[in-house]
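A.B. asks: this is the structure alone, sequence omitted:
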């Protein structure tokens, strides 16, 4: 049996280092790699399920084309697939221009080879692309504006914290390796606070759980800041030396009295006071913020308010203290490290038309003119299911002449395609991975041969380039094909500026980034205009139109918003431990643990609606409806309904039938949680509902 070093490329905090055991060309076992200090304690069920994923009978093993008459998918040859796609590309480019082709990519798989895709579309002469992101950009931008860039201390540093606050984060399910270090801190006497509308598995270990009304975390943070300032529990020396705008901030938070904040957040006064006492008197303190909490329309300002608590108490740049949100120290290969790369270019370069907000994908696609969108190419994502306002996304997809989707399985997006191309697995081509929680750069090695008719995406682009007549020089330099030596040569060229990293070193195991800093900002150098932590930010106001200081405003859509009385429940759509959005949910090993989706309601809400445990209910708003089985549980705050995201259409819980395409206040993020709904037991009919999640030849 041969053991290979590899790593998981999924969009997950851990980006686990792996040891893959292969016998007779088949993967037999997957273990954690001991050289990654962040992930060596084990791999999750998703990682273990890769064996099923690679060898699944449901995997796509050859190209599929839609029959014009039956509308069903049929097996086609690679020659037919390449000829058809290249012919469509030529025709649309000649008649409408290259920007009539839209390139949509998700974050389902990380790796340097993903850059080949963009290189192809630029060589094609142009394309229409997206800006923004579904996951994290408002938090990234808030961090950049306040601290200068996005990084945090090494994952193991949290073990030296005295106070750990998981604010809208549930690492026990979504960042399981962080939980190991939190447990070490607790064993040494640290306190754990969880602030979340849900009682999560993380909260079960907490010393204090505080459940705010969703979307009011910013008000809570400003109220805590007011109490800390009033009590004198600030670090004056740190503020005077490293913080810009403290006096203005202190004056601004004066209106956030504990009584006012209690009414805004639905948190009892004594809990807010207890939080302020903890944060104001315990050090070192670490605040870990989750991605879900910054999926509100006010989230950028909220994240600025959370960071301010660390600034005024001096909990930045010290061992065991700091802000843990996103660590981009390994993003050394990117053109721009920080969230500016999510923004549309200020001036178009004549090639890429980056004009479609990912948060408003369907709406913006329909608006494209001169030229309109005639063809879509989708890879590494499932936008029909995962982007807000699914009906409008389907309308946009249905109005396009031709669609190509590259994937492992026939997802809900793939079902909209005219041609589906099979995707390689992580074990079937070499790549280099970075991360966004730990500081390791890793090699994902080619370990097994792909199935006979599964071509790496690099080879697909190479074949299309040849058909389209790209120059041999461009093809050789920018589009490595299927040959492993070409891929390795491409990766070595990307590694060339970093002599401390090499393919040979990476084959042995993970390597720390040259930008690694065990204690983030321990040099107290902040890449802001002032060189300080900026509570007062001119750029925040000029770029985004928000206040110079962190502030609070009600989400655009909430149970308190005018006109939303008809929909009195806040819908939360979090991630959960056995899937990454819509990935892995179709695997048998996952289905055995969770065979169907459930919506969670507080017992008092269920009683008021006369819904019993296990019964189905209708959850709806003016945009769509779902019929789903109900779980009655005290873990959820009253007035909320929770349905994890990522369930497929045929599961009956595609949550984005209910959401609206709406951006966050900064960073062009996606405000999924600005969503209110009504809940009724089956038997009562909802009114004015758009209940069509399909195009005629689709799902």
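C.D. replies: Here it is on my side, so go on. Keep in mind it's a predicted model, so treat the numbers as computed, not measured.
A.B. asks: ok, longest strand in this protein?
C.D. replies: Identified as the longest strand of the chain according to DSSP state E is strand 624-632.
A.B. asks: listing partners with orientation, what would you give for the next helix or strand after it?
C.D. replies: Once the chain leaves strand 624-632, the next helix or strand it forms, by DSSP states H and E, is strand 640-642. Strand pairing for strand 640-642, determined by DSSP bridges: strand 569-572 (parallel), strand 598-601 (antiparallel).
A.B. asks: what's downstream of strand 640-642, the next helix or strand?
C.D. replies: Following strand 640-642 in sequence, per DSSP H and E, is strand 676-681.
A.B. asks: from residue 225, how far off is residue 68?
C.D. replies: 63 Å (CB to CB, to the nearest Å). Placement of C-beta: from N, CA and C, glycine included.
A.B. asks: looking at these two, which one has more neighbours?
C.D. replies: residue 225 (28 against 8; other CB atoms under 10 Å).
A.B. asks: ok, that one - contacts?
C.D. replies: By CB atoms under 8 Å, 6 or more residues apart in numbering, the contact set of residue 225 is 249, 253, 256, 305, 308-309, 312.
A.B. asks: so can I have a markdown table of those residues showing pLDDT and distance to residue 221?
C.D. replies: Putting these into a markdown table (pLDDT from 0 to 100; distance: CB to CB, whole Å) gives the following:
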| residue | pLDDT | distance to residue 221 |
| --- | --- | --- |
| 249 | 98 | 12 |
| 253 | 97 | 9 |
| 256 | 98 | 9 |
| 305 | 98 | 4 |
| 308 | 98 | 7 |
| 309 | 98 | 6 |
| 312 | 98 | 11 |
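A.B. asks: so which elements touch the longest helix that the chain contains?
C.D. replies: Longest helix in the chain by number of residues (criterion: DSSP state H): helix 78-96. If you count contacts as 3 or more CB pairs under 8 Å, 6 or more residues apart in numbering; DSSP states H and E, helix 78-96 packs onto strand 64-66, strand 101-105, strand 375-379, strand 402-407, strand 419-422, helix 457-468.
A.B. asks: what about the stretch 301-450 of the chain, any weak spots by pLDDT?
C.D. replies: 335-349 (pLDDT under 70).
A.B. asks: how far does the longest helix of the chain sit from its chain's centre?
C.D. replies: Relative to its chain's centre, helix 78-96 lies at 33 Å (CA atoms, centre = their mean, to the nearest Å).
A.B. asks: got the buried residues for that helix?
C.D. replies: For helix 78-96, the neighbour count (16 or more other CB atoms under 10 Å) marks 78, 81-82, 84-86, 88-89, 92-93, 96 as buried.
A.B. asks: any idea of the angle that helix forms with helix 457-468?
C.D. replies: 60 degrees (axes from the mean of the first three to the mean of the last three CA atoms, to 10 degrees).
A.B. asks: hmm, who's touching helix 78-96?
C.D. replies: 62-63, 65, 98, 100-101, 124-125, 371-372, 374-375, 401-402, 404, 419, 421, 453, 455, 460, 463-464, 467-468.
A.B. asks: can we see that at 10 Å?
C.D. replies: 62-65, 76-77, 98-101, 124-126, 370-375, 377, 401-404, 418-422, 453, 455, 459-460, 463-469 (CB atoms under 10 Å, 6 or more residues apart in numbering).
A.B. asks: so what's residue 291 up against?
C.D. replies: Residue 291 sits in contact with 13, 134-140, 168-169, 174, 299, 325-326, 574-575, 669, where contact means CB under 10 Å, 6+ apart.
A.B. asks: and with 6 Å instead?
C.D. replies: Taking CB atoms under 6 Å, 6 or more residues apart in numbering, we find residue 291 in contact with 135-136.
A.B. asks: so what pLDDT did it get?
C.D. replies: At residue 291, the model reports a pLDDT of 91.
A.B. asks: look up phi and psi at it.
C.D. replies: phi -70, psi -30 (degrees, to the nearest 10).
A.B. asks: what's the answer for residue 553, then?
C.D. replies: The phi/psi pair for residue 553 (degrees, to the nearest 10) is phi -140, psi 150.
A.B. asks: thought it was touching residue 297?
C.D. replies: No - contact status for residue 553 versus residue 297: not in contact, 8.4 Å apart, counting by CB atoms under 6 Å.
A.B. asks: more neighbours: those two, which one.
C.D. replies: residue 297 (23 against 15).
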